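J.: How does the following fold in three dimensions:
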Amino acid sequence: AQQLFRHGCLLRVMREGKWVSGVVCHPQGRMVMFDIVGVKDADVQLMRQGATSTLRYATAHWANQQGYEAVNFMGTWPWLEGGDFRHKRQWGGTVCVPRELYRRIWIRVRRITPAVSQFLKENPVIVLDEQGGLHGLIVVDDPHAVSDETRDKWKKRYITPGLGSLLVRAVSSFAPETGDASVPNLVIPIPNQGLQTDDAIGP
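T.: Numbering: from 1, shown residues only. Here you go, the predicted structure:
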């Protein structure tokens, strides 16, 4: 924290003359990095009242005033239903793989059980293709039975700048003995939003 603070700044949120939350951030080229967040006394009630959300707004506002082009709200797990991902998506975040981060999550399905099937269907995830492109992966029982209403719901809930498409696959395609998970059963294309990774506010 000391190293970050020496090269960055501290932004604080005040209420009735007392600070309630703060963030240490630092510039990196055209971007401001959102590094370390704190809430007074780790007060959950203050968080519910917007102490952390206000920090995101204040940082974006300050960065814009200073002439920066983006704020990096740092990483999150790649689950499309994850609370952190959805929160950053609401802030207009763009998904990307940071250049300095090489971690991946590998999932190998050894056999399809009811629990495995339920896990796959309840946890849509962001996946990488061989060229490094990002896509949302949704698993269902039968992709060909997906209604237009469900497709529209997925588009509203999951389409995020940085994703090339939503891939829909059958649970059975993950079965080791018969399945082929490399080919989606259904592809929902996402129009190119014209955003560059370095020019967007990204999770």
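
J.: C-alpha from now on. contacts and neighbour counts both.
T.: OK.

J.: Restricting to C-alpha, output stretch 48-66 in CSV.
T.: C-alpha atoms of stretch 48-66 as CSV (Å, rounded to 0.1, in the frame of the first residue of the first chain):
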residue,chain,number,x,y,z
ARG,A,48,-25.1,-0.7,1.8
GLN,A,49,-25.5,3.1,2.0
GLY,A,50,-23.1,3.5,-1.0
ALA,A,51,-19.7,4.2,0.6
THR,A,52,-18.0,2.0,-2.0
SER,A,53,-20.2,2.8,-5.0
THR,A,54,-19.5,6.5,-4.3
LEU,A,55,-15.8,5.8,-4.5
ARG,A,56,-16.2,4.3,-8.0
TYR,A,57,-18.2,7.3,-9.2
ALA,A,58,-15.8,9.8,-7.5
THR,A,59,-12.7,8.1,-9.0
ALA,A,60,-14.2,8.1,-12.5
HIS,A,61,-15.2,11.7,-12.2
TRP,A,62,-11.8,12.8,-10.9
ALA,A,63,-10.0,10.8,-13.6
ASN,A,64,-12.1,12.5,-16.2
GLN,A,65,-11.3,15.9,-14.8
GLN,A,66,-7.6,15.1,-14.8
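
J.: How far does it sit from its chain's centre?
T.: For stretch 48-66, the gap between its own C-alpha mean and the chain's C-alpha mean amounts to 18 Å (C-alpha atoms, centre = their mean, to the nearest Å).

J.: okay, now Leu137: neighbour count?
T.: Taking other C-alpha atoms under 10 Å as the neighbour definition, Leu137 ends up with a count of 23.

J.: Find the helix or strand that it is a member of.
T.: For Leu137, the enclosing helix or strand under DSSP states H and E is strand 134-140.

J.: again, but for Thr150
T.: Here Thr150, judged by DSSP H and E, is contained in helix 148-158.

J.: Sort out which residues of that helix are buried, please.
T.: Across helix 148-158, burial judged by 16 or more other C-alpha atoms under 10 Å covers 155, 158.

J.: right, and the secondary structure at Trp62 would be what?
T.: What DSSP: H, G, I helix; E, B strand; the rest coil gives for Trp62 is helix.

J.: so how far is Pro161 from it?
T.: Taken as C-alpha to C-alpha, to the nearest Å, the spacing of Trp62 relative to Pro161 amounts to 23 Å.

J.: Alright, I will stop here.
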